[in-house]
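> Here is a sequence together with a model predicted from it:
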Amino acid sequence: MNTKEIARGGLLAAAAVALLYVGGTAISVGPAACLVAGVTSAVPLLKRARLKTAVTLYLAVSILSALLVPRKIMVAAYVLFCGLYPIVKFCVECYVPRRRQRDLKLAYFNIMLVIAAALAIFVFLPQFSLSGFRLVAAWGVANIIFVIYDVALSRLIALLRRSLPPD
């Protein structure tokens, strides 16, 4: 990593932590702030595949937001999904045959969904419970939303690749 890359990573980390903090204090913008903060981990992967920078950025934002963000559910959403998924998406799309990419992405999402559900039930919301049809419906809707998010993220990354100036 050179100094320009470190500086860019620091600025992206500061922006992501600020977004997570705003999302943690203003509940109405929480999900959007978390998704936008997650896009920051995709930025180092746009022009040159800087996987090391993206992972370092993800880890730094995860640690800093765990210390600074008041709503820990925002931190959990970033750590489990929003921050890590752009990196997973990059690796899957670069190293896995095209016909297996969607299956791997859905498998990743469903594993993270199980972890998030376990955290929600046992840590954040112990009084909350879904059973039967509601659980299946919520799971199906979550998978549909994930596919829409994946397509939107792909389009956003393509747009950013075209609009960013070369280094």
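Received it, and whenever you're ready, just let me know what you need.
> Need the three-state assignment for Pro70.
Classification of Pro70 using DSSP: H, G, I helix; E, B strand; the rest coil returns coil.
> what residues are up against Cys34?
Leu19, Leu20, Gly23, Met74, Ala77, Tyr78, Cys82 (CB atoms under 8 Å, 6 or more residues apart in numbering). The way it works is simple: take the backbone N, C-alpha and C, and place the C-beta from them, glycine included.
> meant to ask about Glu93, not that
Gln101.
> what's the burial count for Phe146?
Per other CB atoms under 10 Å, the neighbour tally for Phe146 reads 19.
> list the buried ones in the helix or strand where it lies?
Assigned by DSSP states H and E, Phe146 belongs to helix 133-163. Residues of helix 133-163 classed as buried: Phe146, Tyr149, Asp150, Leu153, Ile157 (neighbour count, 16 or more other CB atoms under 10 Å).
> Specify which member of these is nearest to Asn110.
Nearest to Asn110, judged by CB to CB, of the buried residues of helix 133-163 is Phe146 at 8.7 Å.
> The closest one against Tyr108, yeah?
No - the criterion here is CB atoms under 8 Å, and Phe146 misses it with Tyr108 at 9.5 Å.
> Just the contacts of Cys34: which are in helices?
Among the contacts of Cys34, the members found in helices (DSSP state H) are Leu19, Leu20, Gly23, Met74, Ala77.
> Kindly reformat the residues you listed as a markdown table and extend each row with distance to Ala118, neighbour count and pLDDT.
Formatted as a markdown table, the ones in helices among the contacts of Cys34 follow (distance: CB to CB, whole Å; neighbours: other CB atoms under 10 Å; pLDDT from 0 to 100):
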| residue | distance to Ala118 | neighbour count | pLDDT |
| --- | --- | --- | --- |
| Leu19 | 26 | 25 | 93 |
| Leu20 | 22 | 31 | 93 |
| Gly23 | 22 | 26 | 90 |
| Met74 | 18 | 25 | 88 |
| Ala77 | 14 | 24 | 89 |
